[in-house]
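Colleague: sequence? don't have it. structure:
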């Protein structure tokens with residue numbers, strides 16, 4: 001076995017010094033070139049970009065910012081100039097445009113985050129695999145577009161995804177990531193897409209039904225009232241009127257779809273755990289139509305209570321949810337029970353709860369202290385007419 005020997009170091013100190021100087025000089029030139037490329041990219045003038053690239057100190061694949069963005073990331077994130085972007089994306093040998101920054105974001109992630117639909121089309125035409133690539137936060141470009149409320153970009157990515165036969169749909173809807181996407185769809189009021197996902201991937205979403213119901217309850221669209229329905233036909237040309245009308249019916253269909261899923265797939269003794277938080281949130285949000293639908297599907301839902309022991313009508317009184325209060329009042333089979341209802345854990349009856357100051361967000365729309373006091377007194381008087389006479393003189397645990 002031979003003895004390993006270290007080759008002699010033949011470079012003189014002056015040569016080593018010169019070598020180190022060259023390295024430092026190259027690094028300095030490269031840093032300057034990165035700064036120049038960044039500035040040139042922001043100018044959106046391709047000749048400036050090419051002028052920097054021609055000096056060979058930096059390329060379009062190099063990371064030029066502190067968060068690892070390439071010049072292409074910068075261009076996609078800041079420019080709407082189609083001609084400039086086309087020249088940047090087609091410059092030299094950049095295929096398949098799969099570069100990522102320090103956060104794992106591809107160029108398509110950046111396009112989705114800023115809502116740049118035009119460049120999203122260019123990127124997908126170049127490399128459809130970008131549709132299913134996830135960043136470091138496990139988010140697809142579709143999820144990024146949706147969470148940033150860029151509906152046009154999101155719809156384009158959605159259609160592109162489902163028109164790609166060789167892409168596995170499960171990549172979007174696995175575990176909690178699918179739930180986040182669905183909640184974002186509901187929050188964006190894209191109820192049609194939400195119904196599509198639940199129908200085709202119900203096994204994935206079964207464990208998250210309670211989360212979906214709460215998302216619906218937090219912003220359930222109101223049904224048009226009599227006057228809105230009367231003028232609806234003459235105002236169809238105004239998108240917001242048509243949108244509100246359509247959103248209500250789609251939300252209602254989605255809610256019934258989820259309720260049917262609970263009945264079909266979950267044992268009846270476990271139903272309560274899925275709808276309880278949603279119906280209480282609906283009571284807080286004054287979403288009477290949602291309360292009515294859930295109670296019609298699950299009659300026992302009317303007896304749901306929160307952690308403090310407050311049931312639907314108590315929670316409605318606390319949160320000044322007039323429509324939910326009136327709905328329960330109109331349910332003759334429940335009205336007499338609620339009139340003599342037991343106190344909460346602090347001994348408060350309905351009148352005690354009505355005497356509490358309303359949550360700030362319930363009074364924000366009323367201008368002036370006098371009007372707010374008047375509103376609170378009217379609410380107290382309304383509840384006073386509802387409760388039994390004994391409640392008026394009862395004391396709570398605080399005396």
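Modeller: Here it is on my side, so go on. Only a predicted model underlies this, so the values are computations on that prediction, with no experimental measurement involved.

Colleague: Now do the spatially closest residue to residue 78 that is not a sequence neighbour against residue 126, distance only.
Modeller: Of all residues not flanking residue 78 in the chain, residue 42 sits nearest, at 6.3 Å (CB to CB, 6 or more residues apart in numbering). For glycine as for every other residue, the C-beta is placed from the backbone atoms N, C-alpha and C. Using CB to CB, to the nearest Å, one obtains 23 Å as the distance from residue 42 to residue 126.

Colleague: what sits up against whichever helix or strand residue 379 is part of?
Modeller: Using DSSP states H and E, residue 379 sits in helix 369-386. Defining contact as CB atoms under 8 Å, 6 or more residues apart in numbering, one finds that helix 369-386 is touched by 317, 320, 329, 338-339, 350-351, 353-355, 357-358, 363, 366, 392.

Colleague: again, 6 Å this time
Modeller: Counting by CB atoms under 6 Å, 6 or more residues apart in numbering, helix 369-386 makes contact with 317, 350-351, 354, 363, 366, all of which sit outside it.

Colleague: ok, and the most crowded of the residues you listed?
Modeller: Counting by other CB atoms under 10 Å, residue 317 has the largest number of neighbours within these, with 30 neighbours.

Colleague: Show me what the mean pLDDT comes to for the helix or strand where that residue lies.
Modeller: Taking DSSP H and E as the criterion, the element that holds residue 317 is helix 312-318. Mean pLDDT, computed over helix 312-318, is 88.

Colleague: Following element in sequence after that helix, please.
Modeller: Next along the chain after helix 312-318, taking DSSP H and E as the criterion, comes helix 322-330.

Colleague: picking up where we left off before, taking helix 322-330 as reference, get the angle to the helix holding residue 379.
Modeller: Orientation of helix 369-386 against helix 322-330 (axes from the mean of the first three to the mean of the last three CA atoms, to 10 degrees) gives an angle of 10 degrees.

Colleague: Work out the gap between helix 369-386 and the centre of the chain.
Modeller: Here the centre of mass of C-alpha atoms in helix 369-386, compared against the chain's by CA atoms, centre = their mean, to the nearest Å, lies 36 Å away.

Colleague: Could you give me the buried positions within that helix?
Modeller: Applying a neighbour-count criterion of 16 or more other CB atoms under 10 Å, the buried positions in helix 369-386 are 372, 375-376, 379, 383, 386.

Colleague: And for the residue nearest to residue 78, the neighbour number?
Modeller: Residue 42 sits with 14 neighbouring residues when counted by other CB under 10 Å.

Colleague: Quick one, grab the pLDDT at it.
Modeller: At residue 42 the predicted local confidence, pLDDT, stands at 93.

Colleague: in what helix or strand does it lie?
Modeller: Using DSSP H and E, residue 42 maps to helix 13-43.

Colleague: right, and the helix or strand after that helix?
Modeller: Counting by DSSP H and E, the element after helix 13-43 in chain order, helix or strand, is helix 46-53.

Colleague: pLDDT (mean, whole number) over that following helix?
Modeller: The average pLDDT within helix 46-53 is 90.

Colleague: what separates stretch 203-217 from the chain centre, distance-wise?
Modeller: Here stretch 203-217 is found 14 Å from its chain centre; the criterion is CA atoms, centre = their mean.

Colleague: Check what contacts the helix holding residue 317 and list those residues.
Modeller: For helix 312-318, the external contacting residues (CB under 6 Å, 6+ apart) are 280, 283, 302, 324-325, 328, 338, 350, 353-354, 383.

Colleague: Please verify my assumption that residue 154 contacts residue 145.
Modeller: Yes. With contact taken as CB atoms under 6 Å, residue 154 and residue 145 are classed as touching, separated by 4.0 Å.

Colleague: Please parse this structure into its domains.
Modeller: Domain segmentation of the chain under automatic domain parsing yields 31-167, 168-304.

Colleague: pLDDT averaged over the last one - what is it?
Modeller: Same thing as domain 168-304. Average pLDDT, domain 168-304: 80.

Colleague: With stretch 352-363 instead?
Modeller: 75.

Colleague: Just the buried residues of it, please?
Modeller: Of the residues in stretch 352-363, those with enough neighbours to count as buried (16+ other CB under 10 Å) are 352-354, 358, 362-363.

Colleague: Kindly report the same for stretch 247-255.
Modeller: Per 16+ other CB under 10 Å, stretch 247-255 contains these buried residues: 247-248, 250-252, 254-255.

Colleague: Can you tell me which of those lies closest to residue 202?
Modeller: Proximity of the buried residues of stretch 247-255 to residue 202 (CB to CB) peaks at residue 254, which lies at 13.0 Å.

Colleague: so where does the closest one fall, helix or strand?
Modeller: If you go by DSSP H and E, residue 254 is part of helix 239-265.

Colleague: after that helix comes which helix or strand?
Modeller: Per DSSP H and E, helix 239-265 leads on to helix 272-285 as the next helix or strand towards the C-terminus.

Colleague: relative orientation of that following helix and helix 322-330 in degrees?
Modeller: Using the same axes, to 10 degrees, the inter-axis angle of helix 272-285 relative to helix 322-330 is 120 degrees.

Colleague: Many thanks, we can stop here.
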